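Student: Okay, here's the prediction I keep looking at, along with the sequence it came from:
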Amino acid sequence: MSLLELVTNAAANPKTLTAPSTHPIILNSEDSLLSLKPTLENPDPNSLVVPVSGFQISQTDSEIIDSANKFFKKLKRKLKNPKSFDTEGLVRSLGSFLKKNGKKINVSVGVDPSSEEYPRVLIEKLGFLMGRDVSELVLEACLFLQYWELVEALIVNGHVAHSSYSNLVSVLVERRRSDLVCLCIENFTDLGSSELLCILKYFLLPSKGAYTSMVSVKKDWERQAKLAIEKASNKSLKGKKLQVAKEAALLLVIAHDEFLASELCLHYLLSSPNLDDVILADSISKLSGEEIMTLIRYLGKWLKKYERFPQAGPCPKASSILGLKASVSVPTLEAVVKCFGLVLNEHFSSLVLNLEFHEELRSMKAVVSSLALEARLCCSVANVVEDLKAEAINA
C-alpha cells in the first residue's frame, strides 16, 4: 500500500484513541545518542552514513512513559462514567501524575495546590510530560466538565493536538466561549476550512447568548487601548519606547473605537499570520449572503479607518517592549484588502446583483481612491529615494 493510500484511508476512517502510544512523550535524545556505537569496527571516515547500534530509551523516559500509559488507562476508565467525575478530582489526579514525573527530571510546580493559579501553572511547567494521548483525554474531560480555565491553559501552552481542533472549536462555539475561540485563532497554527467556517459564521452573525462572552473580549481591547494611552502619556518613557508607545496608542484606539464586540473578535482572525489564503477562500465561499454583507461592512470600516489615519500601521514591537499584546492582533491594511479581494472572487456574481452591496461599494469608492492615490505618491517618493541612494553610491 502506497503512502498516499495510507493517508487517504486514515482520513476516511478516523479511529478513536483507545490505547496509548508506544512513545507518548518527547524522548531525551542526549542519553539515547550517547549510548550509540558504530556497528563496524573500522567505519569509513569518508562515508556520509555510519551504521550504529545500541539505541535504548533512558531509564527516566521509560518510567515516565509507563506512568503516562497507566494514567491514560485510568482517565479513560473515568471518562466512561463522567458523572462521577468533577473538576477537583481531575486537577487532583492530573497534579499527582505530573508532579510525580516532574520529580524524576527535577522540575517542580512551585505553587500550592490550593491556589487558584495552581491548574494554570501546573500545565505551564509540567504539561509537556502529558504527551499527546493524555492531553487529548484531559481536554475531553475539561470540555465535559466545562472547566474553561484548564482548557485555556491547554490552548495557550500548545497542548491541543491538531486532531482535536475541530471538536474543540465546535464545542466552544456551541458553549458561546468567544474568548477561548479567539485564543484558538491566536495559538493554532493550521486551522482547517471547517473550523474557519464555524468561527466566521459565529462572529458574523452571533446569537443573543454569545453577546456576553463577546463583551468580555471588547473589555480586553478597551483595557489594552487605555493602557496604550497611559504608556504614550508616560513622561518617563524616552526615545524608541516613547515612539513605539505613541504608534501603539493610535493603532489600538482606532482598532477599538466604532467596532462592535463581534467585530473585535474578527480582528484576531484577520490579523492571524497562520491563515492559509486557499483555506480562507474556501471558508468564505460557503458564507451566506447576509454573512458576506456583514463581513463587507466590517472590512469597509477598516478601509475608512486607514484612510482617516494614514499614519497608522503595524506595531508588533509594542507587545514585547510595552506588554501591549493586542498590538499584534490588529489587522493591517494589506490583510483587509486581501480579504476583500477573496470575498469578491468567491461571491462576485451574487454581489453584482445585490443592491445593498452597490451602496456599500459606492461608500467605499472615495476611500479606496484616496488610499490608491496615497499609495502612488508613496511609490513615487520611494523611487526618488532609491535613485538618490544609487547616485550617492556611484558618486
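Tutor: It's in.

Student: Excluding residues flanking it in the chain, which one is nearest K338?
Tutor: D277 (7.3 Å; C-beta to C-beta, 6 or more residues apart in numbering). The C-beta positions use only the backbone N, C-alpha and C, and glycine is treated the same way.

Student: Confirm for me that S163 is in contact with E136.
Tutor: Yes: counting by C-beta atoms under 8 Å, E136 is a contact partner of S163 at 7.4 Å.

Student: From the neighbour counts alone, determine which of those two ranks first.
Tutor: E136 (20 against 11; other C-beta atoms under 10 Å).

Student: Correct me if wrong: that one contacts Y165.
Tutor: No: using C-beta under 8 Å, E136 is not in contact with Y165; the gap is 11.5 Å.

Student: ok, now how distant is the residue nearest to K338 from N345?
Tutor: Remark: distance between D277 and N345 (C-beta to C-beta, to the nearest Å) = 10 Å.

Student: If we ignore the residues flanking it in sequence, what's nearest L242?
Tutor: Counting by C-beta to C-beta, 6+ apart, L242 lies nearest to A232, which is 7.4 Å off, once chain neighbours are set aside.

Student: helix, strand or coil for the one you found?
Tutor: helix (DSSP: H, G, I helix; E, B strand; the rest coil).

Student: pLDDT below threshold where in the stretch 1-150 of the chain?
Tutor: For the stretch 1-150 of the chain, the stretches with pLDDT under 70 are 1-33, 54-55.

Student: rerun that using 50 as the cut-off
Tutor: Of all residues in the stretch 1-150 of the chain, none has pLDDT under 50.

Student: residue ranges of the strands in it, please?
Tutor: 37-38, 52-53 (DSSP state E, counting those that start in this stretch).

Student: Mind checking those strands for the one nearest to V151?
Tutor: Among those, the nearest to V151 by C-beta to C-beta is strand 52-53 (43.1 Å).

Student: Now find how far off-centre stretch 98-117 is within its chain.
Tutor: In terms of C-alpha atoms, centre = their mean, to the nearest Å, the centre of stretch 98-117 is set 27 Å apart from its chain centre.

Student: Kindly report the same for stretch 78-94.
Tutor: 28 Å.

Student: Give me the distance between the two termini of that stretch.
Tutor: Terminal residues of stretch 78-94 are spaced 13 Å apart (C-alpha to C-alpha, to the nearest Å).

Student: got the buried residues for that stretch?
Tutor: By neighbour count with 16 or more other C-beta atoms under 10 Å, stretch 78-94 contains the buried residues 78, 85, 90-91, 93-94.

Student: and if you look at stretch 178-194?
Tutor: Judged by neighbour count (16+ other C-beta under 10 Å), stretch 178-194 contains these buried residues: 178-186, 188, 191-194.

Student: quick one, helices of the stretch 201-350 of the chain?
Tutor: In the stretch 201-350 of the chain, the helices defined using DSSP state H, counting those that start in this stretch lie at 211-233, 239-256, 261-271, 277-285, 289-308, 317-322, 333-352.

Student: Which of those helices sits closest to Q146?
Tutor: Per C-beta to C-beta, nearest to Q146 of the helices of the stretch 201-350 of the chain: helix 211-233, 12.9 Å.

Student: can you state the direction angle for that closest one and helix 261-271?
Tutor: If you take axes from the mean of the first three to the mean of the last three C-alpha atoms, to 10 degrees, helix 211-233 sits at 70 degrees to helix 261-271.

Student: Using CSV, list the CA coordinates for helix 211-233.
Tutor: C-alpha atoms of helix 211-233 as CSV (Å, rounded to 0.1, in the frame of the first residue of the first chain):
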residue,chain,number,x,y,z
TYR,A,211,-23.1,38.6,23.3
THR,A,212,-21.9,38.3,27.0
SER,A,213,-18.7,36.5,26.2
MET,A,214,-18.0,38.8,23.2
VAL,A,215,-18.4,41.8,25.6
SER,A,216,-15.5,40.3,27.7
VAL,A,217,-13.4,40.4,24.5
LYS,A,218,-14.4,44.0,24.0
LYS,A,219,-13.4,44.9,27.5
ASP,A,220,-9.9,43.3,26.9
TRP,A,221,-9.5,45.6,23.8
GLU,A,222,-10.7,48.6,25.9
ARG,A,223,-8.1,47.8,28.6
GLN,A,224,-5.3,47.5,26.1
ALA,A,225,-6.3,50.8,24.4
LYS,A,226,-6.3,52.6,27.7
LEU,A,227,-3.0,51.1,28.7
ALA,A,228,-1.5,52.2,25.4
ILE,A,229,-2.7,55.8,26.0
GLU,A,230,-1.2,55.7,29.5
LYS,A,231,2.1,54.4,28.1
ALA,A,232,2.1,57.2,25.4
SER,A,233,1.5,59.8,28.1
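
Student: So which residues make contact with it?
Tutor: 176-179, 182, 206, 237, 242, 245-246, 248-249, 251-253, 255-256, 261-262, 264-265, 267, 318, 322-327 (C-beta atoms under 8 Å, 6 or more residues apart in numbering).

Student: pLDDT of it, averaged?
Tutor: Averaged over helix 211-233, pLDDT sits at 93.

Student: Buried ones in that helix, by neighbour count?
Tutor: 213-214, 217-218, 220-221, 224-225, 227-229, 231-232.

Student: Could you do stretch 152-172 as well?
Tutor: 152-157, 159-160, 164-165, 168-169, 171-172.

Student: Outside of that stretch itself, which residues are in contact with it?
Tutor: 14, 119-120, 122-124, 127-128, 130, 132, 135-136, 138-139, 142-143, 151, 180-181, 183-184, 187-188, 190-192, 194-195, 198-199.
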